[in-house]
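Peer 1: got a predicted structure here, sequence first:
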Amino acid sequence: MTGERLGSFGPGATAVTGIAELVTNDPAAGEGPLGLVRDAALVVDGGQVVWVGPTARCPAADTAIAVDGAAVLPGFVDSHAHLAFAGDRAAEFAARMAGEPYAAGGIQDTVARTRAADDDVLRANLGRLAAELRRSGTTTFEVKSGYGLTVADEERSLRLAREATPETTFLGAHVVAPEYADDPAGYVDLVTGPMLAACAPHARWVDVFCDRGAFDADQARAVLAAGAARGLMPRVHANQLQHGDGIRVAVEAGAASADHCTFTTEADLELLSGSRTVATLLPGAEFSTRAPYPDGRRMLDAGVTVALATDCNPGSSYTTSMPFCIAVAVREMGLTPAEAVWAATAGGAAALRRDDVGRLAVGARADVVVLDAPSHVHLSYRPGVDLVARVLEAG
Ligand SMILES: [Zn+2]
């Protein structure tokens, strides 16, 4: 609420003043779905937003940061990233841009390199990518396993991911491990048995790639059910490569998110709009595989909740930039600039079932991005330009 105050400010309180346009994502606080407040200020204390309102009424705080003329928005929430891996696949990308098609099997290259890497290499790569995310304004991010595909390598991927984020996802069911190429059912037994048992203590979520070349609907259901029995909440890689059962499986399992949703039917959209399952669109993947983009406009018009995420991974989307994803979603998926910013902040938070991030209202985490621009529109209007001037993480 505008002008609302949470207790008294501690000695470490910081006021951010002179904000030309504040995106609160709190419709009660300002204009439109983004809850825009002009000539705004906010006060953060103890890692939380404790006051939001007009600069003219901003209470005194120990530290003041004047950002005159800047737009300020909540830190981006990247709800889909694969950061636990070694090596890159630049040559595969170049070959694809020269005409070779994308296939899920390329994942096996990264599996071999990840298994061969020691913990320090994986930790350094995770740290480098996490730093890239933060520099481009992302303050909450998810990390999946899925490039180990053995009990030990999946367990350590998640253990290292946990050092970087609480939003960790067990994706042993990314593709069938090479040792099980002739026995996919045996691999599903491994994933739902000993691998899950080793990984569950380090994970919040369970995910499965339900698509051509990966896992079918029954296998996906088995993986999600086993994860749920261990207390992991479901999310699904769905309908990236072709029409299929991924979205249905996700909605039936009560998944927080169905990710990709590149190929959807009217029935898929009805399932999504009638559920709490968010459609997480990953424009970097279509960009980097020259695939057709999902019709985000059609989803929004059907009442589906849409999130944007990077899908950062070395094969099909090697970007950490949420501003890039926003720009592509506006240009290629039919989102308005405001819808894309909402999807990259509040939408990502919904896809992670979080209500403490993705908004800047009293009581929310003080994850604050200051743009070198007067409006959120510039994120898509000025593609490829680094507009993130400053990032405050939990104050
Ligand atoms: Zn993915």
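Peer 2: Thanks, I have the structure now.
Peer 1: okay, CA-based contacts and neighbour counts for the rest of this
Peer 2: OK.
Peer 1: was I right about L224 contacting V251?
Peer 2: No. With contact defined as Cα atoms under 8 Å, L224 does not count as touching V251 (11.6 Å).
Peer 1: more neighbours: which of the two?
Peer 2: L224 (28 against 24; other Cα atoms under 10 Å).
Peer 1: A helix includes that one, no?
Peer 2: Yes. Under DSSP: H, G, I helix; E, B strand; the rest coil, L224 sits within a helix.
Peer 1: looking at it now. What's its pLDDT?
Peer 2: L224 carries a pLDDT score of 98 in this model.
Peer 1: same thing with P101?
Peer 2: What the model reports for P101 is a pLDDT of 74.
Peer 1: list the contacts for the closest residue to it other than its chain neighbours?
Peer 2: Distances taken as Cα to Cα, 6 or more residues apart in numbering put T289 closest to P101, at 7.7 Å, once the chain neighbours are dropped. Listed by Cα atoms under 8 Å, 6 or more residues apart in numbering, the contact set of T289 reads 96-97, 101-102, 316-317.
Peer 1: okay, among those residues, which ones form the most distant pair?
Peer 2: P101 and S317 (14.4 Å; Cα to Cα).
Peer 1: neighbour-wise, which of the two wins?
Peer 2: S317 (21 against 13).
Peer 1: looks like the more buried one contacts A309 (just checking).
Peer 2: No. Taking contacts as Cα under 8 Å, S317 lies outside contact range of A309: 10.5 Å.
Peer 1: hmm, back to that, what's the spacing between the residue nearest to P101 and L232?
Peer 2: Taking Cα to Cα, to the nearest Å as the measure, T289 and L232 are separated by 31 Å.
Peer 1: what about the strands in the stretch 201-350 of the chain?
Peer 2: Taking DSSP state E, counting those that start in this stretch as the test, the strands found in the stretch 201-350 of the chain are 205-210, 233-238, 257-260, 278-281, 306-308.
Peer 1: could you export these as CSV, including distance to V330?
Peer 2: Listed next are the strands of the stretch 201-350 of the chain as CSV, based on distance: least, Cα to Cα, whole Å:
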stretch, distance to V330
strand 205-210, 26
strand 233-238, 22
strand 257-260, 16
strand 278-281, 12
strand 306-308, 11
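Peer 1: now for A94: which residues touch it?
Peer 2: If you count contacts by Cα under 8 Å, 6+ apart, then A94 has nothing around it.
Peer 1: secondary structure class for the residue nearest to A117 when sequence neighbours are not counted?
Peer 2: Nearest non-adjacent residue to A117, counting by Cα to Cα, 6+ apart: A86, 6.5 Å away. Assigned with three-state DSSP, A86 falls in the coil class.
Peer 1: thinking again about what came up before, out of the strands of the stretch 201-350 of the chain, which is closest to S136?
Peer 2: strand 306-308 (14.5 Å).
Peer 1: and stretch 324-336, how far out from the chain middle?
Peer 2: Centre-to-centre, stretch 324-336 and its host chain are 15 Å apart (Cα atoms, centre = their mean, to the nearest Å).
Peer 1: for the longest strand seen in the chain, buried residues please.
Peer 2: Ranked by residue count and defined by DSSP state E, the top strand of the chain is strand 63-74. For strand 63-74, a neighbour-count test (16 or more other Cα atoms under 10 Å) marks 67, 69-74 as buried.
Peer 1: who touches it?
Peer 2: 12-24, 345, 357-360, 367-376.
Peer 1: check contacts around D207.
Peer 2: The neighbours of D207, taking Cα under 8 Å, 6+ apart as the test, are 169-173, 223-224, 234-237.
Peer 1: circling back to that earlier point, mind putting the strands of the stretch 201-350 of the chain in JSON lines, mean pLDDT and distance to A340 included?
Peer 2: Listed next are the strands of the stretch 201-350 of the chain as JSON lines, based on pLDDT from 0 to 100; distance: least, Cα to Cα, whole Å:
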{"stretch": "strand 205-210", "mean pLDDT": "96", "distance to A340": "24"}
{"stretch": "strand 233-238", "mean pLDDT": "97", "distance to A340": "21"}
{"stretch": "strand 257-260", "mean pLDDT": "98", "distance to A340": "15"}
{"stretch": "strand 278-281", "mean pLDDT": "98", "distance to A340": "10"}
{"stretch": "strand 306-308", "mean pLDDT": "98", "distance to A340": "7"}
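Peer 1: closest to L36 out of these?
Peer 2: strand 306-308 (19.3 Å).
Peer 1: give me the sheet partners of the closest one and which way each runs.
Peer 2: Sheet pairing for strand 306-308, assigned by DSSP bridges, gives strand 278-281 (parallel).
Peer 1: show me where the stretch 151-300 of the chain has its helices.
Peer 2: 151-164, 184-190, 196-199, 217-229, 246-252, 266-273, 283-289, 296-301 (DSSP state H, counting those that start in this stretch).
Peer 1: hey, which of these is tucked in deepest?
Peer 2: helix 246-252 (a mean of 24; mean count of other Cα atoms under 10 Å).
Peer 1: and the average pLDDT for it is what?
Peer 2: In this model, helix 246-252 carries a mean pLDDT of 97.
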